[in-house]
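In: I would like the atomic coordinates for the input below:
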Amino acid sequence: MKYLILVTVALVGFISAASFSVPTRSVSSLRAKLIRENKYQDFLAQQQSARTLQLNSGSQPFLDYFDDFYLGNITLGTPAQTVTIVLDTGSSNLWVIDAACNSEACNGDPKSGFPKHKFNTTASSTFVTESRKFSISYGSGSCSGHLGKDTITMGGLTISNQEFGVAETLASVFAEQPVDGILGLGWPALAEDKVIPPMQNLLPQLDSPLFTVWLDRKIHGSDGGNGGLITYGATDTINCDSDISYVPLTSKTYWEFALDGFSVGSYSETKTAKVISDTGTSWIGAPHAVISAVVKATGAKFDWSTELYTVDCSTMQTQPDLVFTIGGKPYNVKSVEYILDLGLSKNKCALTFFGMTYMGFGPSWILGDTFIRQYCNVYDIGNARIGFSQAKHSF
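Out: Numbering: from 1, shown residues only. From the prediction side, this is the model:
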């Protein structure tokens, strides 16, 4: 599909408060797309240059644009204008592209087949502009512009006077994807410019102060389509097991909690570490020692042309489980989740890991979509905790 749109919204609650289930869409892998088009080496060079610059800025919230991520639609303004955004628990700001921006990043690369849906501030009778500027740097991109306020609708629920960013400058990586902005679902303390995140403003309308994320499984690289479900105000009782185990958060910034241990094959680590749940990161970020252990356990080889660890695709469903211990309970992640078919040559599939260097502060792990596909995540704002339950899939 060229256009990835949100479909129906199911009303579950009654009376004055409610819970809403909103289907999401997955996006085809950018890495796989660039490999097919023989553009991946140039992309790696650009990303390395961007990472070098961002290390000097000191601001690097996590977001991965290399592979599948999950999108939804929201509307802004009066009359309503629809935009497609990343649903990202790893950040806390909402921003969309300004219609006045005409760079390739703002308009979309014509060869990508993904034109942008930009927000026309002058066409909205309820938009109020602000003089304050904003600038955000992510792990793979950045944006800047000015702040404003307007009516937004997400999941069938309307928020008046929501403050958000109107981006006038975007990093080039955004040109390749059907993304018109990002909706951060993290905590207020993580928000740039002290903007109150939309999710916080949405809480009074919900049955329960939480939301649940279920991500569907794609055995082979997705070309887009139904990607899962985000449920505001309730747990997902259809796609997620009813047995939910909760652990307290260790920080109200990211969705951060304690990881008690990790094992794979003969390797075991029992040192407590900080970890975050992040829907905006496709893979698992882990210490380099852990990645070495996974490589040894799977027999993976490093592919210098793609800078990926790969195994034979025929082993995708027979490799050892990853075992995460959280709150004293083991969570097994099957190899079908952490080995991804990107369409590489010689029937090779990639390990969905990237290395993280721990500097003595912040998280040393990121559990992205690889983990969330195996376990539904319940983001309980009211009780400052996160819950996990087995995700249900058709295969």
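
In: every contact and neighbour count from this point should use C-alpha atoms.
Out: Will do.

In: remind me which residues of the stretch 201-350 of the chain are low pLDDT?
Out: 218-226 (pLDDT under 70).

In: so which residues of it form helices?
Out: Listed in chain order, the helices found in the stretch 201-350 of the chain under DSSP state H, counting those that start in this stretch are 288-298, 335-338.

In: ok, residue 266 - contacts?
Out: Residues in contact with residue 266 (C-alpha atoms under 8 Å, 6 or more residues apart in numbering) are residue 297.

In: other residues contacting stretch 293-308?
Out: Contacts for stretch 293-308 (C-alpha under 8 Å, 6+ apart): 40-41, 264-267, 309-311, 319-320, 350-351.

In: need the helices of the stretch 201-350 of the chain in TSV (columns: distance to residue 194 and mean neighbour count).
Out: Shown next, in TSV, are the helices of the stretch 201-350 of the chain (distance: least, C-alpha to C-alpha, whole Å; neighbours: other C-alpha atoms under 10 Å):
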stretch	distance to residue 194	mean neighbour count
helix 288-298	34	17
helix 335-338	36	22
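
In: spatially nearest residue to the residue most central in space within the chain, not counting backbone neighbours?
Out: Geometric centre of the chain, nearest residue: residue 280, 1.4 Å, by C-alpha atoms, centre = their mean. What sits nearest to residue 280 in space, not counting adjacent residues and going by C-alpha to C-alpha, 6 or more residues apart in numbering, is residue 88, at 4.5 Å.

In: where does the one you found land on pLDDT?
Out: Predicted confidence (pLDDT) for residue 88: 91.

In: likewise residue 84?
Out: On the pLDDT scale, residue 84 gets 87.

In: look up which residues are beta-bridged to it.
Out: residue 73 (DSSP bridges).

In: show me the domain layout of the protein.
Out: 10-211, 240-390 (automatic domain parsing).

In: got CSV for those, with distance to residue 227 too?
Out: Listed next are the domains of the chain as CSV, based on distance: least, C-alpha to C-alpha, whole Å:
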stretch, distance to residue 227
domain 10-211, 4
domain 240-390, 10
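
In: to residue 233, which of the ones you listed lies closest?
Out: Nearest to residue 233 among those is domain 10-211; the distance by C-alpha to C-alpha comes to 4.3 Å.

In: what sits against residue 184?
Out: 87, 88, 89, 90, 91, 92, 93, 94, 197, 198.

In: checking the fifth one next. Helix, strand or coil?
Out: Right, the one you point to is residue 91. Under DSSP: H, G, I helix; E, B strand; the rest coil, residue 91 falls in the coil class.

In: just to check, it is in contact with residue 254?
Out: Yes. At 7.1 Å, residue 91 counts as touching residue 254 under the criterion of C-alpha atoms under 8 Å.

In: so for these two, which residue has more residues nearby?
Out: Neighbour count, other C-alpha atoms under 10 Å: between residue 91 and residue 254, residue 91 has more, with 29 against 26.

In: against residue 280, how distant is the residue lying closest to the more buried one once chain neighbours are set aside?
Out: Leaving aside its sequence neighbours, residue 91 sits nearest to residue 184 (C-alpha to C-alpha, 6+ apart; 4.6 Å). According to C-alpha to C-alpha, to the nearest Å, residue 184 stands 9 Å off from residue 280.

In: follow-up on the earlier one: now the phi/psi pair for the residue nearest to residue 280, please.
Out: phi -120, psi 110 (degrees, to the nearest 10).

In: SS state for residue 168?
Out: Once three-state DSSP is applied, residue 168 turns out strand.

In: what's the neighbour count on it?
Out: Applying other C-alpha under 10 Å, we find 19 residues neighbouring residue 168.

In: one more: residue 100?
Out: For residue 100, using other C-alpha under 10 Å, the count is 15.

In: for it, give me phi and psi.
Out: According to degrees, to the nearest 10, residue 100 has phi -80, psi -10.

In: list the buried residues for stretch 369-378?
Out: For stretch 369-378, the neighbour count (16 or more other C-alpha atoms under 10 Å) marks 369, 370, 371, 372, 373, 374, 375, 376, 377, 378 as buried.

In: I'd say residue 183 and residue 94 touch.
Out: Yes. The criterion here is C-alpha under 8 Å, and residue 183 meets it with residue 94 at 4.4 Å.
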